[in-house]
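# sharing a model that was predicted from the sequence below.
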Amino acid sequence: MTTTTLAVLVPLLPFLGAAAGLLLGRTAPGFVRPLAVLPTLAALVLAVLVASRQGGGRAVDAATELTPTGSVPVELALHIDGFAALVAVLVGTVATCVQIYSTGYLRDDPRYPSYAALVSLFTSAMFLVVYSGDLMVLLVGWEIMGICSYFLVGHYWETPEARAASLKAFLVTKLGDVPFLIGLLALATEAGSFRITKILGAVANGSLDNPTLIALLLLAGVAGKSAQFPLHTWLPDAMAGPTPVSALIHAATMVAAGVYFVARLLPLFEASRAAMVVLAVMAAVTMVGSALAALAQDDIKRVLAYSTIGQLGYLTGALAAGDRGAAVFHLLTHGAFKALLFLAAGVIIHAAGTNSLAAMSRMRGLRDRVPDAYWTMSVALLALAAIPPFSGFFSKESVLGAAEHVATGHTEHAPGAAGWTVLLAGLITALLTAAYATRLWLLAFHGRGAEAPDHGRQPVVMNAVLWALAIPSLALGGLAFRLLPDWFDGQDLTPTLTTSVLGTGVALTGGIVTYAAWRHTTAFAARVPLGAVAAHPEGDAARVEAEAIASHEPAYGNVASAPDPSDPGRLLLGPLHRHAAAGFHLDAVYTTLFVRPVQAGASLVRFLDREVVDTYVRGAVALPRWLGAAVRRAQTGNVQTYVSALLAGTVVLAVAAVLVATGA
């Protein structure tokens, strides 16, 4: 079987599994789980075979025209280089783990058949994006993922949070997709083709007249799909969906699609220095802002959501530095440890028995109750914090090293300003990432909140998936930077000494400071009774704890269920905490700038329609009705009335004639 045939089967198998799952979900429920797991597992095996045959060598290209368009042709094309081959393996690995994990996590969910089918369709769409060599076909997968995310985020549609989150995710991503589509059409018009290879050839030949405009239009879609500032607000709310869906979206699909798209067309963006600077600024704001927000969140899944936004900022930062090898390297390692983080969080939530107890301030005694989640999440958090020798260290340092090369003028792929912007923001984010990772670990497993009810040991498949993902989270980075350069255009991924020392130093500093703050607040909480804290306004720790209790007073009616007073996030952020917890009020800004004006406009249109247009319509109907009623009243059927009216009319006419004659 040829490599091309294998590559075609990779997205096709999950698609067929999704179709079969939807058809047989109710009539043959026993086939649902095999149809969810086996096609995705088979697609993973085929993706590994495709990667082994491609081997980091010459790209595999194949194309056939779908239908004549009379203009720019649309082709069913494959373009599989080293980047595409490895990303497809990541997608297959995470999707398979999510499907296996979900058989335990959602084993009692009555809507599991539709859920599993949508996950398979989601996976198929991402495979299509990864392997596609034609931008219009890529757009098909791009949009299928959007509609799948809408349904999966709204899986618990009975809750208003899930309904609102799914609608918000759909609308915000579509807001970016409109300029994205315009950019694709403009790009194809100038290049004369939707084929990626032909577009890159046109860029190399300088055939594009408006690279800056096209690049900025495309970046709007990337910002929406990959949750980058300012279109990132949908991702934290998307945590209303099932936790395995969050793992799939954050680790290997949806949000990774935008970054992967930029990596595919990086020469186009490099053709515009303005676009590279915009990309760098977008990455820097996203990294720092999301890390601050993560440090202030209480819900464990929202911490991880903001963490994803920040890590994607590292990816876009690497692309802004002109190094797609570093970007895709971090995409691979991030996919492993972020999937592990979400699935471990799912074990914690499953142990508590409800998604509403995901608040870290209410967790207590979980280390001994979920030991598998404790140890594997510890590995993933160390990888997230980029502590050597865990995988995140090597990939994150490759990003910082790429930014350093641009900043110091060792490469001309991007402006020096972009390099400095990414480098400084990356170091600040490394500090904050270690801080919120340490805080999450301390509050989730060593917190003083109310102990949740024990729902027994978790299904074996869930814990097995955690340990399977712990292996690449620990070892992938150390192996990849030695083995993958041939797959990444020969780029050296070895960490540089300067950024390694700086990055590791600030990460250790962030972790140590957070631990010290936690010890400080914990010591105070041990000395002062929880209910008496508000009566002790003196001292930082007392003020922090009093504010924490006051802010949660409506939700916690007794001391046993009050928030954990040892949360170091409030102490570290100080007055910034309230704003960071609210995502720096960006949703409120959007509400003021866009939602309320649109609602006001809609109210005005409704008023004009009801009070003006409908008034004219009602008047046009009422006038004939009134005239008809008047005429109807004159038709009494009484002959004497008719003769009297005739005589009266005759007299009136006679008098009028006399008056006219006299006047004449």
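Structure received. Residues are numbered from 1 along each chain as shown.
# list the contacts for the closest residue to residue 150 other than its chain neighbours?
Counting by C-beta to C-beta, 6 or more residues apart in numbering, residue 150 lies nearest to residue 170, which is 4.4 Å off, once chain neighbours are set aside. The way it works is simple: take the backbone N, C-alpha and C, and place the C-beta from them, glycine included. Residue 170 makes contact with 146-147, 149-150 under the criterion C-beta atoms under 8 Å, 6 or more residues apart in numbering.
# dump the residues you listed to TSV, plus distance to residue 35, neighbour count and secondary structure.
As requested, the contacts of residue 170 are exported to TSV (distance: C-beta to C-beta, whole Å; neighbours: other C-beta atoms under 10 Å; DSSP: H, G, I helix; E, B strand; the rest coil):
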residue	distance to residue 35	neighbour count	secondary structure
146	24	19	helix
147	20	14	helix
149	21	27	helix
150	22	20	helix
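# pretty sure residue 411 is in a strand, no?
No. With DSSP: H, G, I helix; E, B strand; the rest coil as the criterion, residue 411 is located in coil rather than a strand.
# and it, how far is that from residue 485?
For residue 411, the distance to residue 485 (C-beta to C-beta, to the nearest Å) stands at 16 Å.
# who's more crowded, the two?
Neighbour tally, residue 411 and residue 485, criterion other C-beta atoms under 10 Å: the higher count belongs to residue 485, 18 against 15.
# verify the stated contact: that one with residue 493.
Yes. Applying C-beta atoms under 8 Å as the test, residue 485 and residue 493 come out as touching, 5.9 Å apart.
# low-confidence ranges, this structure, go.
Within the chain, the stretches with pLDDT under 70 are 352-358, 364-365, 448-457, 481, 490, 524-566, 663-664.
# show me where it has strands.
With DSSP state E as the definition, the chain shows strands at residue ranges 60-67, 74-80.
# so what strands line up beside the longest one?
By that I understand strand 60-67. strand 74-80 (antiparallel) (DSSP bridges).
# find residues that contact each of residue 485 and residue 493.
residue 325.
# list the contacts of residue 237.
Applying C-beta under 8 Å, 6+ apart, one finds that residue 237 lies in contact with 161, 164-165, 168-169.
# what's the answer for residue 115, then?
Residue 115 is in contact with 102, 106, 109, 152, 155, 242, 245, counting by C-beta under 8 Å, 6+ apart.
# the last one contacts residue 119, doesn't it?
Yes. Counting by C-beta under 8 Å, residue 119 is a contact partner of residue 245 at 7.2 Å.
# now do the shared contacts for those two.
With C-beta under 8 Å, 6+ apart, residue 245 and residue 119 have common neighbours 98, 152.
# ok, now how distant is the residue nearest the centre of the chain from residue 305?
For the chain, the residue nearest the mean C-alpha position is residue 235 (4.0 Å; C-alpha atoms, centre = their mean). Distance from residue 235 to residue 305, counting by C-beta to C-beta: 5 Å.
# find residues that contact each of the two.
Jointly contacting residue 235 and residue 305 under the rule C-beta under 8 Å, 6+ apart are residue 250.
# which members of the contacts of residue 115 are classed as buried?
The neighbour count (16 or more other C-beta atoms under 10 Å) marks 102, 106, 152, 155, 242, 245 as buried among these.
# now these in JSON lines, with distance to residue 397?
JSON lines is the format used below for the buried ones among the contacts of residue 115 (distance: C-beta to C-beta, whole Å):
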{"residue": "102", "distance to residue 397": "34"}
{"residue": "106", "distance to residue 397": "38"}
{"residue": "152", "distance to residue 397": "34"}
{"residue": "155", "distance to residue 397": "38"}
{"residue": "242", "distance to residue 397": "34"}
{"residue": "245", "distance to residue 397": "31"}
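# between the two ends of stretch 103-116, how far is it?
Stretch 103-116 has an end-to-end distance of 9 Å (criterion: C-alpha to C-alpha, to the nearest Å).
# who are the contact partners of residue 116?
Under the criterion of C-beta under 8 Å, 6+ apart, the contact list for residue 116 reads 21, 32-33, 35-36, 99, 102.
# same thing but 7 Å
Counting by C-beta atoms under 7 Å, 6 or more residues apart in numbering, residue 116 makes contact with 21, 32, 36, 99, 102.
# what does residue 568 give?
Under the criterion of C-beta under 7 Å, 6+ apart, the contact partners of residue 568 comprise 439, 514, 517-518, 521.
# gap between it and residue 515?
Distance of residue 568 to residue 515, given as C-beta to C-beta: 8 Å.
# also residue 147?
Computed as C-beta to C-beta, the residue 147 to residue 515 distance reads 44 Å.
# residue 204 - how many residues pack around it?
Residues contacting residue 204 under the criterion other C-beta under 10 Å number 10.
# one more: residue 29?
11.
# need the contact list for the nearest residue to it once chain neighbours are set aside.
Using C-beta to C-beta, 6+ apart and skipping residues adjacent in sequence, the residue nearest residue 29 is residue 113, 6.8 Å away. Residues in contact with residue 113 (C-beta under 7 Å, 6+ apart) are 21, 25, 29, 32.
# reformat those residues as CSV; add distance to residue 583.
CSV is the format used below for the contacts of residue 113 (distance: C-beta to C-beta, whole Å):
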residue, distance to residue 583
21, 36
25, 37
29, 41
32, 37
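# quick one: residue 499 and residue 402 touch, right?
No. Applying C-beta atoms under 7 Å as the test, residue 499 and residue 402 come out as separate, 9.2 Å apart.
# now the residue lying closest to residue 204 once chain neighbours are set aside: how far from residue 318?
Ranked by C-beta to C-beta, 6+ apart and with sequence neighbours excluded, the top spatial neighbour of residue 204 is residue 267, at 6.8 Å. Note on residue 267: its distance to residue 318, by C-beta to C-beta, is 15 Å.
# ok, the two, which is more surrounded?
In terms of neighbours (other C-beta under 10 Å), residue 318 is the more surrounded of residue 267 and residue 318; the figures are 32 against 17.
# ok, now which ones touch the residue nearest to the residue nearest to the centre of the chain when sequence neighbours are not counted?
Using C-beta to C-beta, 6+ apart and skipping residues adjacent in sequence, the residue nearest residue 235 is residue 227, 4.0 Å away. Under the criterion of C-beta under 7 Å, 6+ apart, the contact partners of residue 227 comprise 234-235, 255, 309, 312.
# let's see 8 Å
Counting by C-beta under 8 Å, 6+ apart, residue 227 touches 234-235, 255, 308-309, 312.
# relative to residue 445, which of those residues is nearest.
Compare each of those with residue 445 using C-beta to C-beta and the shortest gap goes to residue 308, at 21.1 Å.
# burial count for the residue lying closest to that closest one once chain neighbours are set aside?
With C-beta to C-beta, 6+ apart as the criterion, residue 308 has its nearest non-adjacent residue at 4.4 Å, and that residue is residue 250. Using other C-beta under 10 Å, residue 250 is surrounded by 30 other residues.
# if I look at residue 250, how far off is residue 152?
Taking C-beta to C-beta as the measure, residue 250 falls 12 Å from residue 152.
# wait, doesn't residue 12 sit right on residue 124?
Yes. The pair residue 12 / residue 124 is scored as a contact, 7.4 Å apart, by C-beta under 8 Å.
# the two: who's more crowded?
Between residue 12 and residue 124, counted using other C-beta under 10 Å, residue 124 has the larger neighbour count: 28 against 16.
# contacts only, for the more buried one.
Contacts for residue 124 were tallied using C-beta under 8 Å, 6+ apart; they are 11-15, 18, 141, 144.
# out of those, which is most surrounded?
In terms of neighbours by other C-beta under 10 Å, these top out with residue 14 at 32 neighbours.
# so who does that residue touch?
The contact partners of residue 14, taken as C-beta under 8 Å, 6+ apart, are 39-40, 43, 95, 120-121, 123-124, 127.
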